[in-house]
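Participant: Mind looking at a prediction? Sequence and model below.
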Amino acid sequence: MTTEKHSQLRHELRRDVAERQAGYRMRALKLFPHICARCAREFEGKRLKELTVHHKDFNHDNNPQDGSNWELLCIYCHDDEHAPDSLRSMGDGPVHEDLKKASPIVNPFAGLDGLLGK
Ligand SMILES: [Zn+2]
Ligand SMILES: [Zn+2]
């Protein structure tokens, strides 16, 4: 395989992952009212990017099309959801699962942060 082809393949792979992640967010935003399920704040327009999709079972690969595993949470409540008090005292603060997942390949989702709202 030529280097050129290889990098093209890698590019496509990254795009697939990015599309999948952006895809379920779009779908969740269509399914649910744009309200944080915890603090009940409403998000619209530019602020919509502060609303993120939480996976109720914490499994990002579990994306039923009816949205039964999703919950819309604002970035603050979402951080909270992933940070039990026992972890929070460790200092570094919560690392969101989206970021953890993206990190093995030198953060290909740098530009995606805004899109994902995190
Ligand atoms: Zn909230
Ligand atoms: Zn979550």
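Facilitator: It's in. Residues are numbered from 1 along each chain as shown. Ligands and ions are numbered 1, 2, ... in the order given.
Participant: what sits opposite Thr52 in the beta ladder?
Facilitator: Going by DSSP bridges, Thr52 is paired in beta bridges with Leu73.
Participant: ok, it touching Tyr76?
Facilitator: No. If you go by Cβ atoms under 8 Å, Thr52 and Tyr76 don't touch, sitting 10.0 Å apart. (Each C-beta comes from the backbone N, C-alpha and C, glycine too.)
Participant: Which of those two has more residues huddled nearby?
Facilitator: Under the neighbour definition other Cβ atoms under 10 Å, Thr52 and Tyr76 were set side by side, and Thr52 has more, 24 against 14.
Participant: how near is that one to ligand 1?
Facilitator: 10 Å (Cβ to the ion, to the nearest Å).
Participant: Can you tell me how far that residue is from Ala37?
Facilitator: To Ala37, Thr52 is 11 Å away according to Cβ to Cβ, to the nearest Å.
Participant: Now for these two: what residues contact both?
Facilitator: Shared contacts of Thr52 and Ala37 (Cβ atoms under 8 Å, 6 or more residues apart in numbering): 72-73.
Participant: Longest helix in the protein, please.
Facilitator: helix 3-31 (DSSP state H).
Participant: How about that helix, which residues are buried there?
Facilitator: 18, 21, 24-25, 27-29 (16 or more other Cβ atoms under 10 Å).
Participant: Equivalent analysis for stretch 49-65, please.
Facilitator: 49-55, 60, 63.
Participant: Which residues of the protein lie near ligand 1?
Facilitator: In this structure, the chain approaches ligand 1 at residues 36, 38-39, 74, 77, judged by Cβ under 5 Å from the ion.
Participant: Now for these: which two are most distant?
Facilitator: Arg38 and Cys74 (7.5 Å; Cβ to Cβ).
Participant: quick one, which of those two is more surrounded?
Facilitator: Each of Arg38 and Cys74 has its neighbours counted (other Cβ under 10 Å); Cys74 has more, 23 against 16.
Participant: where does the more buried one land on pLDDT?
Facilitator: Note for Cys74: predicted pLDDT of 97.
Participant: how about the closest residue to it other than its chain neighbours, what does it touch?
Facilitator: Nearest non-adjacent residue to Cys74, counting by Cβ to Cβ, 6 or more residues apart in numbering: Cys36, 4.1 Å away. Cys36 makes contact with 43, 51, 72-74, 77 under the criterion Cβ under 8 Å, 6+ apart.
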